[in-house]
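# Give me a model of this one.
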Amino acid sequence: MAAWTRFRTRPWSGPLLALLSGLAAALAHPPFGVLPGLLGYALLLHLLDDASPDKPLRSAFWRGWLAGVGYFGLSTWWLGEAFMVDAANQGWMAPFAIGAMAGGLALFWGLAGLLYRLVSPQSAWRVLTFAGVFAALEWARGHVLTGFPWNLPGETWKAGSLPSQTAALVGAYGLTWITLAIAAAPAVWRQGRAGKVALGAAAAGLVALYGYGAIAIARPTVQGAPVTVRIVQADIKQDLKWDPVRFAQIVQAYVSLTAKPYAGKPADIVIWPEGALPASLNEVLAPGIWTRKAIADALQPGQTLLIGGYRQDGPIDKPIYYNSLAALRRTADDVEVVGIYDKHRLVPFGEYLPADAFLTAIGFKSMAHLGDGFETGPRPAPLRVLPDLLVQPLICYESLFPGLARKDPDVRVLINVSNDAWFGVTSGPLQHLNLASYRGIESARPILRATPTGVSAVIDARGRIIPGTRLDLGKSGVIDSLIPGKGESTPFDNLGDWPFWALLLISAVASVRLRAGKNSFSIARTGDLS
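Here you go, the predicted structure:
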């Protein structure tokens, strides 16, 4: 005890504990799944309460930011792998990119810490203020500069688990508020009767998450007319993909897997991942070219192939490029394009360059060997791939965004094609699988997920991977399956973020009442841990 007291009086102990709180919270996310790490939010709440009395706002911002650095550093370290694909030209940027990503995203947590301390609630029910400001800033993180809602606190729960089912009610942002309120409650348990009541309410909330999840999981889904699907994962590493010598081998890998004999009924739909072939769709599907014939020969008459790739549009002298998903129907002796979906939500610095003119003028674009990027497609809308089958594509990054796609009761399945090969055998693709699965829970729609190197899977309407339909990192093969059934329309489908705003209103009302009565309460703040 004496050692702990001495530790707390050290000027660096507060920042160190803040960093550790963020690391703990990040460890709670899949693929780590260390759920006790959620107590990192309780530690962070305590640290914000115990901020330096001399400069409390600055201290609270600093601690929130450090917690965010730990959280986002562990959550996004795999980003550096993308720069190793072209290590000669871009490898030097990897540590700067990781640091900039973690530090930049952590600004949202720093601002949340500052706002929490600015309100300065003193009752045990300040956990509602904490949940409100952090959830609001997480919503901002998912929207500012097109947003990057990677590893929202509400998506800590493994997709398909009982607590994750609450996303069907309130979405991932609403579940973020609930998760934060529950996880932070242990910080106030020693604050008299009110603290014990707050902790009891949090425990009841946790039981409710599991209870509702059990009910939701047990609900039946509706199976439509049987539609068979084949997902192709060729395991083509990103650093090998753009070697011209390997182009024919890559095409052969995809068409061979596509034409692989079926154990049962041939697939109605075949799905290739985002950026399957290292050439534009215009080139691959040009009339008379060998790649078009190879694709046609791999398909059976009447089959539809969904192939991810970039395509060129506009005048020849000033072309524009889209990251697209094309639907190709096999005719008697050829293929025809029956639908195109263009990616709407692009990756900053990966698929488009913010402030392009300025960064080009100062030479950053040429120094970093960045291209011109893609054009933004229209807001996501369903694609009819068979006469009786409407699907909703989400290309890679788009699968991170709750409610991005328009709600359409006729959509039967979500199609998520992604090129996670950029991130190698790291936690990144595994996290992406978990996050994308939440879009299925929110909409009660199954997901067909195709990636070049893993993880490809068939995911049911509750966010669970269908047994036997998963191809992990570094595996080559196919997944043959029926499209799973879909659930009924969800509250999140119908209401969007309105339940989340209602939760934020609860936090706002609680904060106003607590601030009005702040003189009636006190918090024991011991030591300067700034």
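# quick one: Phe401 from Leu471, how far?
Distance, Phe401 to Leu471, using C-beta to C-beta, to the nearest Å: 25 Å. Yep, even glycine has a C-beta here, placed from its N, CA and C like the rest.
# Gly70: what's it in contact with?
By C-beta atoms under 8 Å, 6 or more residues apart in numbering, the contact set of Gly70 is Ala18, Leu19, Leu20, Ser21, Gly22, Leu23, Ala25, Ala26.
# Packing partners of the strand or helix carrying the fourth one?
Read that as Ser21. For Ser21, the element it lies in under DSSP states H and E is helix 13-27. Counting contacts by 3 or more C-beta pairs under 8 Å, 6 or more residues apart in numbering; DSSP states H and E, helix 13-27 is packed against helix 39-49, helix 56-76.
# center of this protein, which residue is that?
Closest to where the C-alpha atoms of the chain average out (C-alpha atoms, centre = their mean) is Leu400, at 3.3 Å.
# do you know how far that one is from Arg141?
In terms of C-beta to C-beta, Leu400 sits 11 Å off from Arg141.
# any chance of the helices and strands packed on helix 13-27 in a markdown table, with mean pLDDT and distance to Ala167 too?
A markdown table is the format used below for the helices and strands packed on helix 13-27 (pLDDT from 0 to 100; distance: least, C-beta to C-beta, whole Å):
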| stretch | mean pLDDT | distance to Ala167 |
| --- | --- | --- |
| helix 39-49 | 97 | 19 |
| helix 56-76 | 97 | 19 |
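# Could you say which one of those comes nearest to Leu162?
Ranking the helices and strands packed on helix 13-27 by proximity to Leu162 (C-beta to C-beta) places helix 39-49 first, at 19.7 Å.
# For the closest one, which outside residues touch it?
By C-beta under 8 Å, 6+ apart, helix 39-49 touches 14, 17-18, 20-25, 28, 60, 63-64, 67, 113, 116-117, 126-127, 130, 153, 180, 183-188, 523, 525, 529.
# for the stretch 251-400 of the chain, which spans come out with low pLDDT?
354-372 (pLDDT under 70).
# in stretch 187-203, what counts as buried?
Ala187, Val188, Trp189, Gln191, Gly195, Ala198, Leu199, Ala201, Ala202 (16 or more other C-beta atoms under 10 Å).
# In stretch 75-92, which residues are buried?
In stretch 75-92, counting by 16+ other C-beta under 10 Å, buried: Ser75, Thr76, Trp77, Trp78, Leu79, Gly80, Glu81, Ala82, Phe83, Val85, Gln90.
# can I assume Leu305 sits in a strand?
Yes: Leu305 forms part of a strand when assessed by DSSP: H, G, I helix; E, B strand; the rest coil.
# quick one: the helices in the stretch 51-200 of the chain?
For the stretch 51-200 of the chain, the helices defined by DSSP state H, counting those that start in this stretch cover 56-76, 80-84, 87-90, 94-119, 126-141, 167-184, 192-218.
# so which of those is the most packed in?
helix 167-184 (a mean of 27; mean count of other C-beta atoms under 10 Å).
# list the helices and strands that helix packs on?
Other helices and strands packing on helix 167-184, by 3+ C-beta pairs under 8 Å, 6+ apart, are helix 39-49, helix 126-141, helix 192-218, helix 427-443, helix 491-495, helix 498-516.
# in the helix holding Ser21, what counts as buried?
13-15, 17-27.
# Stretch 395-413 now?
Those would be 395-405, 411-413, for stretch 395-413 by 16+ other C-beta under 10 Å.
# which ones among those residues are found in strands?
Cross-referencing the buried residues of stretch 395-413 against strands under DSSP state E gives Ile395, Val411, Arg412, Val413.
# Check the gap between the nearest residue to Gly454 once chain neighbours are set aside and Asp420 for me.
Nearest non-adjacent residue to Gly454, counting by C-beta to C-beta, 6 or more residues apart in numbering: Leu473, 3.8 Å away. Distance of Leu473 to Asp420, given as C-beta to C-beta: 8 Å.
# Please say which of the two ends up with more neighbours.
Asp420 (26 against 19; other C-beta atoms under 10 Å).
# what residues are up against the more buried one?
For Asp420, the contact set (C-beta under 8 Å, 6+ apart) comprises Cys396, Gly428, Pro429, His432, Thr451, Pro452, Thr453, Gly454, Val455.
# circling back: take the buried residues of stretch 395-413 and lay them out in a markdown table including distance to Leu38.
Shown next, in a markdown table, are these (distance: C-beta to C-beta, whole Å):
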| residue | distance to Leu38 |
| --- | --- |
| Ile395 | 31 |
| Cys396 | 28 |
| Tyr397 | 26 |
| Glu398 | 28 |
| Ser399 | 24 |
| Leu400 | 21 |
| Phe401 | 24 |
| Pro402 | 20 |
| Gly403 | 25 |
| Leu404 | 27 |
| Ala405 | 29 |
| Val411 | 33 |
| Arg412 | 35 |
| Val413 | 32 |
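# And Gly264, its phi and psi?
With angles defined as degrees, to the nearest 10, Gly264 sits at phi -130, psi -140.
# count of neighbours near it?
Neighbours of Gly264 (other C-beta under 10 Å): 8.
# show me the residues around it that make contact.
By C-beta under 8 Å, 6+ apart, Gly264 lies in contact with Thr228, Asp480.
# on that earlier part again, report the lowest-confidence entry in the contacts of Asp420.
In terms of pLDDT, the least confident member of those is Gly454, at 84.
# sec struct for that one, please.
coil.
# related to what we said a few turns ago, and the two most separated of the ones in strands among the buried residues of stretch 395-413?
That would be Ile395 and Arg412, which, of these, are the farthest apart (C-beta to C-beta) at 18.5 Å.
# hmm, back to that, give me the common contacts of Leu473 and Asp420.
Listed as contacting both Leu473 and Asp420 by C-beta under 8 Å, 6+ apart are Pro429, Thr453, Gly454, Val455.
# give the contact list for Leu473.
Residues in contact with Leu473 (C-beta under 8 Å, 6+ apart) are Val425, Pro429, Leu430, Thr453, Gly454, Val455.
# The same query, at a cut-off of 10 Å, please.
Counting by C-beta atoms under 10 Å, 6 or more residues apart in numbering, Leu473 makes contact with 233, 235, 420-421, 423-426, 429-430, 433, 451, 453-455.
# where do the helices sit along the stretch 301-450 of the chain?
Using DSSP H, counting those that start in this stretch, helices in the stretch 301-450 of the chain cover 356-361, 364-367, 427-443.
# The last one to helix 192-218, inter-axis angle?
To tie it back to what came earlier, the one meant is helix 427-443. Counting by axes from the mean of the first three to the mean of the last three C-alpha atoms, to 10 degrees, helix 427-443 lies at 80 degrees to helix 192-218.
# Now the two most distant members of the shared contacts of Leu473 and Asp420.
Within these, Thr453 and Val455 form the most distant pair, 8.8 Å apart (C-beta to C-beta).
# Could you tell me the end-to-end distance of stretch 217-227?
By C-alpha to C-alpha, to the nearest Å, the extent of stretch 217-227 from end to end equals 23 Å.
# er, stretch 323-340 I mean
End to end - C-alpha to C-alpha - stretch 323-340 spans 10 Å.
# And Phe130, how close does it get to Gly37?
Taking C-beta to C-beta, one finds Phe130 at 17 Å from Gly37.
# need the contact list for the spatially closest residue to Pro15 that is not a sequence neighbour.
Excluding the flanking residues, the one nearest Pro15 by C-beta to C-beta, 6+ apart is Leu66, at 5.4 Å. By C-beta under 10 Å, 6+ apart, the contact list for Leu66 reads 14-22, 44, 47, 106, 109-110, 113.
# what does Val337 give?
Counting by C-beta under 10 Å, 6+ apart, Val337 has contacts Leu281, Leu285, Ala326, Ala327, Leu328, Arg329.
# No further queries at this time; thank you.
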